[in-house]
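Engineer: Below are the sequence and a predicted model; questions follow.
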Amino acid sequence: MTQRFGFQLHATDGRARTGVISTPRGEIRTPAFMPVGTAATVKAMLPESVRATGADILLGNTYHLMLRPTAERIARLGGLHKFMNWDRPILTDSGGFQVMSLASLRKLTEEGVRFSSHVDGSKHMLSPERSMEIQRLLGSDIVMCFDECPALPATEDEVAKSMRLSMRWAQRSRDAFGDRPGHALFGIMQGGVTPELREESAEALKAIGFDGYAVGGLAVGEGQEAMFGVLDYAPGYLPEDKPRYLMGVGKPDDIVGAVERGIDMMDCVLPSRSGRTGQAWTRRGQVNIKNARHQDDPRPLDENCTCPACRSYSRAYLHHVFRAGEMISGMLLTWHNLHYYQELMQGLRDAIAEGRLAAFVADFHAQRGAGDI
Ligand SMILES: CNc1nc2c(CC[C@H]3O[C@@H](OC)[C@@H]4OC(C)(C)O[C@@H]43)c3nc(N)[nH]c(=O)c3cc2[nH]1
Ligand SMILES: [Zn+2]
C-alpha cells in the first residue's frame, strides 16, 4: 500500500485512457465512476454493498457536512472514513457548487460566499481557506479547490469574470492546502463553452500545479451536444499524466462519450436518485418499473445482470414494492443501477486496455432500444 498519491496510465485507445490512481487508502481503477455519498451515506446502500457493486471510491461534500453534523464533530469522531464505515478513498467536493444551488441569502465576494443554511437558516461562510480546513477535518483523500460554477444562462463576460475569480481561489486553495503527503488537491477548470476561456483556465491551473484536474462548469443544463463540444478540446489542455475528473456526469451515454474524449473520473447522483424513483438503467435502455405493464412480468429487470435485484426478484415484485412505497424498492433499484454503472466502467476499462473501444461503443449504442423497455 503506497503512502503517496500517484497515477499510472496503463493503456490508451484514441483519446481514451485506462489506468490506476494509487492512494494510501487503496487503488482507483480508471475510467472510474464515483457514487455520490453527499451526507456521509450513499442513499439506500450499506457501504459494503457500495463496495460489492465495484466502486473503488465515493464522494462526500463540504457543504452538506459542514451544516450537519459539522466537520468539527466528524473530526472529533475520527474522520469521515470511520464515521461512515468506508475505509477506501473518498473525494469531497469543495462546496461552492452546492452553496450556489442549495443555500439561500447568498453573498458572493472576493473573500468567499456568505450564506444561510438550507437546513436551519443559520449563517455560514465558505472561502478557499475554510473549504480546505473542512476537507482536512473530514480527512478526505482527494480535495477539490473552492470554485464558483456560474449558473446558466451566463454571458461570456460573466463566465470570464467567474472563471478568473475561481482561478484566484484555486491559488488560495493550493496555499491553504499545504503539503499533505498521500492526500491530493484537484484544480477545477472553468470557462463555460468558450475555448479561449477554457484554455486560460487550464493554463492558470497548470501554473499553480495540482495532483489532478477537474472539468467543471458542465452538466449544468447546457445539454449533451454542448458538453461534448467542450470535451472535444478541453481535456487536451490538461496534463496527460494527471487524472481528469468531469464533475456531475451523467447518464450512461454521457459517460461513454466523456471517456472517449479522455475523461478518467466521473460522479453523478443519477443512478442512486433515479433508482429511488423507480427508474432502472440497463444495457438495453431504461425501465420505469412503476409502469403498469410490469405488474405481471415474472422476468428480472435484466436477464444478464448478476446484481441482487436481477438475481432474485421479478419486475412484478419490483413494481409492487414501488407502488406500495416499500423501502426495499429504493434499495434494490439503487443497487442495480450502481451495479450497472460499475459494470459499464469495467467494460470501458477492458475495451481500452484491449484496443477495442470503438467496437464496445458501437455495441453499447446498438443494444439500447428507444424509450422504455
Ligand atoms: C450535476 N452537474 C454538476 N455537478 C457539478 C458539481 C458538483 C458535483 C457535486 O454535486 C453533486 O452532483 C449534483 C454531487 O454530489 C456531491 C457529493 C454534492 O458532490 C457532487 C460541481 N462542483 C464544483 N465544485 N464545481 C463545478 O464546476 C461543478 C459542476 C457540476 N455540474
Ligand atoms: Zn441488476
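Structural biologist: It's in. Numbering: from 1, shown residues only. Ligands and ions are numbered 1, 2, ... in the order given.

Engineer: Any regions of the stretch 1-150 of the chain where pLDDT drops low?
Structural biologist: 1 (pLDDT under 70).

Engineer: Could you pull out the strands in it for me?
Structural biologist: Using DSSP state E, counting those that start in this stretch, the strands of the stretch 1-150 of the chain run over residues 6-13, 16-23, 26-30, 32-35, 58-61, 90-93, 104-108, 113-116, 123-126, 142-144.

Engineer: can you redo the ones you listed as CSV with distance to ligand 1 and mean neighbour count?
Structural biologist: The C-beta positions use only the backbone N, C-alpha and C, and glycine is treated the same way. Below are these laid out as CSV (distance: least, Cβ to the nearest ligand atom, whole Å; neighbours: other Cβ atoms under 10 Å):
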stretch, distance to ligand 1, mean neighbour count
strand 6-13, 20, 15
strand 16-23, 18, 22
strand 26-30, 16, 20
strand 32-35, 9, 25
strand 58-61, 4, 23
strand 90-93, 4, 27
strand 104-108, 14, 12
strand 113-116, 12, 20
strand 123-126, 11, 16
strand 142-144, 5, 28
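
Engineer: Now render those strands as CSV, adding distance to Val215.
Structural biologist: Compiled in CSV, the strands of the stretch 1-150 of the chain are given as follows (distance: least, Cβ to Cβ, whole Å):
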stretch, distance to Val215
strand 6-13, 16
strand 16-23, 14
strand 26-30, 15
strand 32-35, 14
strand 58-61, 16
strand 90-93, 14
strand 104-108, 22
strand 113-116, 22
strand 123-126, 22
strand 142-144, 12
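
Engineer: Which one of those lies nearest to Gly325?
Structural biologist: For the strands of the stretch 1-150 of the chain, the distance to Gly325 is smallest for strand 32-35, at 23.7 Å, taking Cβ to Cβ.

Engineer: which residues does Met227 contact?
Structural biologist: Contact partners of Met227, counting by Cβ atoms under 8 Å, 6 or more residues apart in numbering, are Leu218, Ala219, Val249, Asp254.

Engineer: tell me the centre residue of this protein?
Structural biologist: The residue lying closest to the centre of the chain (Cα atoms, centre = their mean) is Asp267, at 1.5 Å.

Engineer: quick one: that one is in a helix?
Structural biologist: No - counting by DSSP: H, G, I helix; E, B strand; the rest coil, Asp267 is not part of a helix but strand.

Engineer: my read: it touches Phe33, true?
Structural biologist: Yes - counting by Cβ atoms under 8 Å, Asp267 touches Phe33, with 7.4 Å between them.

Engineer: Quick check: phi and psi at Ser117.
Structural biologist: Backbone torsions for Ser117, taken as degrees, to the nearest 10, come to phi -60, psi 140.

Engineer: longest helix of the chain?
Structural biologist: Selection of the longest helix in the chain by residue count, based on DSSP state H, yields helix 327-353.

Engineer: report the angle between the axes of the helix or strand following it and strand 16-23?
Structural biologist: Counting by DSSP states H and E, the next helix or strand C-terminal to helix 327-353 is helix 357-367. Between the axes of helix 357-367 and strand 16-23, defined by axes from the mean of the first three to the mean of the last three Cα atoms, to 10 degrees, the angle is 100 degrees.

Engineer: Convert the C-alpha atoms of helix 357-367 to CSV, please.
Structural biologist: Presented in CSV, the C-alpha positions along helix 357-367 are these (Å, rounded to 0.1, in the frame of the first residue of the first chain):
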residue,chain,number,x,y,z
LEU,A,357,-13.1,0.8,-27.6
ALA,A,358,-14.8,1.7,-30.9
ALA,A,359,-16.4,-1.7,-31.1
PHE,A,360,-17.5,-1.5,-27.5
VAL,A,361,-19.1,1.9,-28.0
ALA,A,362,-20.8,0.7,-31.2
ASP,A,363,-22.3,-2.3,-29.4
PHE,A,364,-23.3,-0.1,-26.4
HIS,A,365,-25.4,2.1,-28.7
ALA,A,366,-26.7,-0.7,-30.8
GLN,A,367,-28.1,-2.5,-27.7
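
Engineer: Show me what that helix is packed up against.
Structural biologist: helix 252-260, helix 327-353 (3 or more Cβ pairs under 8 Å, 6 or more residues apart in numbering; DSSP states H and E).

Engineer: Just give me the neighbour total for the residue of the stretch 51-200 of the chain found nearest ligand 2.
Structural biologist: Residue of the stretch 51-200 of the chain nearest ligand 2, by Cβ to the ion: Thr53 (9.9 Å). When neighbours are counted by other Cβ atoms under 10 Å, Thr53 registers 22.

Engineer: what does Ala103 give?
Structural biologist: Each residue near Ala103 was counted by other Cβ under 10 Å, and the total is 20.

Engineer: If the nearest residue to it once chain neighbours are set aside is in a bridge, with which residues?
Structural biologist: What sits nearest to Ala103 in space, not counting adjacent residues and going by Cβ to Cβ, 6 or more residues apart in numbering, is Phe115, at 3.8 Å. Listed by DSSP bridges, the beta-bridge partners for Phe115 are His124.

Engineer: you'd agree Phe115 is up against Gly121?
Structural biologist: No - assessed by Cβ under 8 Å, Phe115 is found out of contact with Gly121, at 10.3 Å.

Engineer: shared neighbours of these two, which are they?
Structural biologist: With Cβ under 8 Å, 6+ apart as the test, Phe115 and Gly121 both reach Ser104.

Engineer: Near ligand 2, which residues of this structure are found?
Structural biologist: Cys305, Cys307, Ala309, Cys310, His336 (Cβ under 5 Å from the ion).

Engineer: please redo it, this time with the cut-off set to 8 Å
Structural biologist: Residues of the chain lying close to ligand 2 by Cβ under 8 Å from the ion are 280, 282, 300-302, 305-311, 335-336, 339-340.
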